[in-house]
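Enquirer: Pasted the sequence and its predicted model underneath.
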Amino acid sequence: MATDVSHSPGKIAHIHLGVDGGAEKFFVRLSRALAKRGIEQIAFIRPGRAWRDELAEHCDVRELKFSRSHIKRHFVRWGISREIRNFGATATMGWMSPASKWLPKPGPDMRTFLRLGDWPDGFHTYGNVGDLIGNTPEIIRQAVEMGWPSGRAHVISNFVDPLPEDLEPVKRADIDTPEDATVLIALGRFVQRKRFDLIIKALQKLPDNVHAWLIGDGELMDDTKALAKECGVRSRVHFLGWQRDPSPFLKAADILVCPTDDEPLGNVVLEGWNAGLPVVATASPGPSWLIEHGKTGLLSPCGDVDKLSGSVSEILKSDKLRRMLVQDAANFLQAQYSEDRICERYQELVLGG
């Protein structure tokens, strides 16, 4: 139900060039939440995005081809600026660094923001960026250390949608997983920094009834499958590909594992908490910021397979620890990362109230 407002809360234009991943899911989620609060929005995206129709349910979507040609880029940016002015936006948000080069110039009636969910890579295209929003303190710390003005740098994290009460979990039999197995679940791109190889190696040290569901895709998929075979655990590792909605898989799993070496936030940690799972993670920047070790999850050193498998073993051996981790994480999630809390912060910063 939309929030009742006695005056126009403002209008936001978005520029998002992403394909399909966690950042895109949160973009759609935040846009929907802001629309519920009476905020009109327009979004400029690349053609053919899988999430286009979902976004269009609450946002005016304009599909554009963003040319690399210097001349064409000038005309595209000019066209975006014109449409944003005609829309009457009071703020424009670019999503991730590639969107910065398409931002219109800020002015007295329209502010500009760049929202980062990953490390900054330099400011050479940030000429029209008024303020930075990072979803973790470490992102903003690095930006300021690189020379970005601290007074124009802000931290606002993510939120996740509560799971529907009637959500049906996937059937383990459909994934060739025994009903009595303990299922570790991990989500992300199959790239080096995500370290799915640690989960494979950890399975060697865990009981035979522990299985792993790996959700995602990427360049290291074949290498990870080969490693599972080499380690003798291939029958216990299930590669489930990219899932637009991983919720039914999360609901059917037992422990969420985030083994990354370099994670700015770790949105999967929030998703694990949201699904009522105990979370085991390595101490990269994002998870270390989110998780209080021993209270809302278990942390282990990055790259240390013995400590990672040890964290899983602790949960397997203690139902009391499992219940405590789940309850404390649920309380923390509601207090700090609810939709209302995060949307309030965006409205205060981006729209001034």
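Expert: It's in.

Enquirer: From residue 85, how far off is residue 16?
Expert: Separation of residue 16 from residue 85 (CB to CB, to the nearest Å) stands at 19 Å. To be clear about C-beta, it is placed using only N, CA and C from the backbone, and glycine gets the same treatment.

Enquirer: quick one: which of those two has more around it?
Expert: Shown here are residue 16 and residue 85; by other CB atoms under 10 Å, residue 16 has more neighbours (23 against 14).

Enquirer: so what's that one closest to, chain neighbours aside?
Expert: Nearest residue to residue 16, sequence neighbours excluded (CB to CB, 6 or more residues apart in numbering): residue 95, at 4.2 Å.

Enquirer: what about the helices in the protein?
Expert: Under the criterion DSSP state H, the chain contains helices at 22-36, 52-56, 70-87, 137-145, 196-203, 221-230, 247-252, 267-274, 285-290, 305-317, 319-336, 339-350.

Enquirer: Lowest mean pLDDT across the ones you listed, which one is that?
Expert: Mean pLDDT across those is lowest at helix 70-87; the value there is a mean of 87.

Enquirer: So which elements touch it?
Expert: Applying 3 or more CB pairs under 8 Å, 6 or more residues apart in numbering; DSSP states H and E, one finds that helix 70-87 contacts strand 11-16, strand 40-45.

Enquirer: what mean pLDDT does the first one have?
Expert: Averaging the model's pLDDT scores along strand 11-16 yields 97.

Enquirer: try the last one
Expert: Strand 40-45 comes out with an average pLDDT of 97.

Enquirer: Quick check: neighbours of it in the sheet, parallel or antiparallel?
Expert: Applying DSSP bridges, strand 40-45 is found paired with strand 11-16 (parallel), strand 60-63 (parallel).

Enquirer: Let me know which of the ones you listed is tucked in deepest.
Expert: Mean neighbour count (mean count of other CB atoms under 10 Å) peaks for strand 11-16 among the strands paired with strand 40-45, with a mean of 25.

Enquirer: The helices and strands packed on helix 70-87: which one's closest to residue 162?
Expert: strand 40-45 (22.5 Å; CB to CB).

Enquirer: And the contacts of that closest one?
Expert: When contacts are defined by CB atoms under 8 Å, 6 or more residues apart in numbering, strand 40-45 is touched by residues 11-17, 31, 34-35, 52, 55, 58-64, 80, 83-84, 87, 89, 102.

Enquirer: Looking at the helices and strands packed on helix 70-87, which is nearest to residue 130?
Expert: Nearest of those (CB to CB): strand 11-16, 13.2 Å.

Enquirer: how big is the angle separating that closest one from helix 22-36?
Expert: With axes from the mean of the first three to the mean of the last three CA atoms, to 10 degrees applied, the angle from strand 11-16 to helix 22-36 works out at 170 degrees.

Enquirer: quick revisit: any idea which of the helices of the chain gets closest to residue 130?
Expert: Here helix 339-350 is closest among those (CB to CB), at 10.3 Å.

Enquirer: Same question for that closest one: list its buried residues.
Expert: For helix 339-350, burial by neighbour count (16 or more other CB atoms under 10 Å) applies to 339, 342, 343, 346, 347, 349, 350.

Enquirer: repeat for stretch 285-296
Expert: Result for stretch 285-296 [16+ other CB under 10 Å]: buried residues 285, 286, 287, 288, 289, 290, 291, 296.

Enquirer: Quote the end-to-end distance of it.
Expert: 16 Å (CA to CA, to the nearest Å).

Enquirer: Could you pull up the residues touching the closest residue to residue 169 other than its chain neighbours?
Expert: Excluding the flanking residues, the one nearest residue 169 by CB to CB, 6+ apart is residue 252, at 3.6 Å. Residue 252 makes contacts with 169, 170, 171, 172, 183, as judged by CB under 8 Å, 6+ apart.
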